[in-house]
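> quick one, what's the 3D model for this:
(chains A and B)
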Amino acid sequence: KQEVTQIPAALSVPEGENLVLNCSFTDSAIYNLQWFRQDPGKGLTSLLLIQSSQREQTSGRLNASLDKSSGRSTLYIAASQPGDSATYLCAGAVDGQNFVFGPGTRLSVLP
Amino acid sequence: EPEVTQTPSHQVTQMGQEVILRCVPISNHLYFYWYRQILGQKVEFLVSFYNNEISEKSEIFDDQFSVERPDGSNFTLKIRSTKLEDSAMYFCASSEGQDLYNEQFFGPGTRLTVL
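You can find the predicted model right below:
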């Protein structure tokens, strides 16, 4: 059964720093992978989707990569801003299972 | 921009009561999903739905749960006899194409509180 871990569990950085969030799957046979943002008590906002044929996706200051051989994904946030403060979730789909979510990384960007 | 909507935003009910959570998926999407997130825990898959039938369901989705697409726009999750442990945030999602390959778009969620 697919398990997803995310490291670190929480992160606090000063504004302007570049940072990397990590996501790891026990089963590397991932069909696609999505990164989401969740603000406290709110829904999930899709940030980036990496499909099985892709290795990375970029949107603005965000870049996500997927190494299918290891089942690892990273989300890179450049020049972080206080508005980036949220919980970041990764989720992946594997054969026979629907989306499996990681526990999230809680990010605080301090002004 | 099209979005998934959910009603109500917050539902409070007594244990043993039936609740229906409603979702309006994005109009041209064909796959629909329900997830739940118990406070402080991971988002968990409940069920996927395509062509008016359940495609997949998790162990959580037992006989107390049912889903329905009663008309061309709504997608509902019914919990027949709520338990305290059903208290959670319930998210609806939809995708345009085959579930494993397409981006899923999530609604804002319904917070269910069972007293």
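
> contacting residues around A:Arg106?
A:9-11, A:87 (CB atoms under 8 Å, 6 or more residues apart in numbering or on different chains). Placement of C-beta: from N, CA and C, glycine included.

> confidence score at it?
Looking at A:Arg106, its pLDDT reads 97.

> any idea what it is bridged to?
Residues in a beta bridge with A:Arg106, per DSSP bridges, are A:Ala10, A:Thr87.

> partner residues bridging the residue nearest in space to the middle of chain B?
The residue lying closest to the centre of chain B (CA atoms, centre = their mean) is B:Trp34, at 3.0 Å. Note on B:Trp34: beta-bridge partners by DSSP bridges are B:Val47, B:Cys92.

> show me the contacts for it.
B:21, B:23, B:46-47, B:67, B:77, B:90-93.

> re earlier: who wins on neighbours among the contacts of A:Arg106?
A:Thr87 (19 neighbours; other CB atoms under 10 Å in any protein chain shown).

> gap between that residue and B:Glu103?
19 Å (CB to CB, to the nearest Å).

> point out the residues in chain A that sit beside chain B.
A:31-32, A:34, A:36, A:41-46, A:49, A:51-52, A:89, A:91, A:93-95, A:97-104 (CB under 8 Å from any CB of the partner chain).

> what about the residues you listed, which are in strands?
When DSSP state E is applied, the residues of chain A next to chain B are split such that A:31-32, A:34, A:36, A:44-46, A:49, A:51, A:89, A:91, A:93-94, A:100-101 fall in strands.

> quick one: end-to-end distance for stretch B:23-33.
10 Å (CA to CA, to the nearest Å).

> what sits up against that stretch?
Against stretch B:23-33 from outside (CB under 8 Å, 6+ apart): A:98-99, B:2-6, B:34, B:45-51, B:55, B:67, B:69, B:73-77, B:92-99, B:102, B:104-105, B:107.

> filter the residues you listed to the buried ones?
A:98-99, B:4, B:6, B:34, B:45-50, B:67, B:69, B:75-77, B:92-95, B:99, B:102, B:104-105, B:107 (16 or more other CB atoms under 10 Å in any protein chain shown).
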